[in-house]
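Visitor: I'd like to go over a predicted model; first the sequence, then the structure.
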Amino acid sequence: MLRSPSTELLRRLCAAADASDCDLDRALCDVGVLPPADLTAIRQVLQHRGTEVARARNADGHVILQVVRHAQLTALIHHDGRVHVLTNAA
């Protein structure tokens, strides 16, 4: 992806988590993420109320989406569709 995804594209990604697979595939492509064959993990991290997505880049320049819920970083979605759910240590 040559430019960072806009705030509107990131909002559409969250909304697409509740839509069809085709809509979610398109929204992921629009923000620079290769959609995986199984969208379950991505849906699980995006479908919660109060979820926002922020963009970042890794050391190689690839897009990483930071999933934030209620001002707390909860997951990372990598450019290749991998999802890392973060756990918070007490």
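Guide: Thanks, I have it. Residues are numbered from 1 along each chain as shown.

Visitor: which stretches of this protein form strands?
Guide: 51-57, 63-69, 72-78, 83-85 (DSSP state E).

Visitor: looking at the ones you listed, which is nearest to Ala17?
Guide: strand 51-57 (8.3 Å; Cβ to Cβ). Bear in mind the C-beta positions are built from the backbone N, C-alpha and C, glycine included.

Visitor: now for the closest one, which elements pack on it?
Guide: Other elements packing on strand 51-57 under the criterion 3 or more Cβ pairs under 8 Å, 6 or more residues apart in numbering; DSSP states H and E are helix 7-16, strand 63-69.

Visitor: returning to that earlier point: from the strands of the chain, which stretch is densest packed?
Guide: Mean neighbour counts were taken over these using mean count of other Cβ atoms under 10 Å, and the top value, a mean of 18, falls to strand 63-69.

Visitor: show me the shaky parts of this structure.
Guide: Per-residue confidence for the chain (pLDDT under 70) gives these ranges: 1-5, 88-90.

Visitor: in JSON lines: the helices and strands packed on strand 51-57, plus distance to Gly50.
Guide: Converted to JSON lines, the helices and strands packed on strand 51-57 look like this (distance: least, Cβ to Cβ, whole Å):
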{"stretch": "helix 7-16", "distance to Gly50": "10"}
{"stretch": "strand 63-69", "distance to Gly50": "5"}
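
Visitor: out of these, flag the one nearest Ala27.
Guide: For Ala27, the closest of those is helix 7-16, at 3.7 Å, according to Cβ to Cβ.

Visitor: list the contacts of the closest one.
Guide: Contact partners of helix 7-16, identified using Cβ atoms under 8 Å, 6 or more residues apart in numbering, comprise 23-24, 26-28, 30-31, 46, 51-55, 65.
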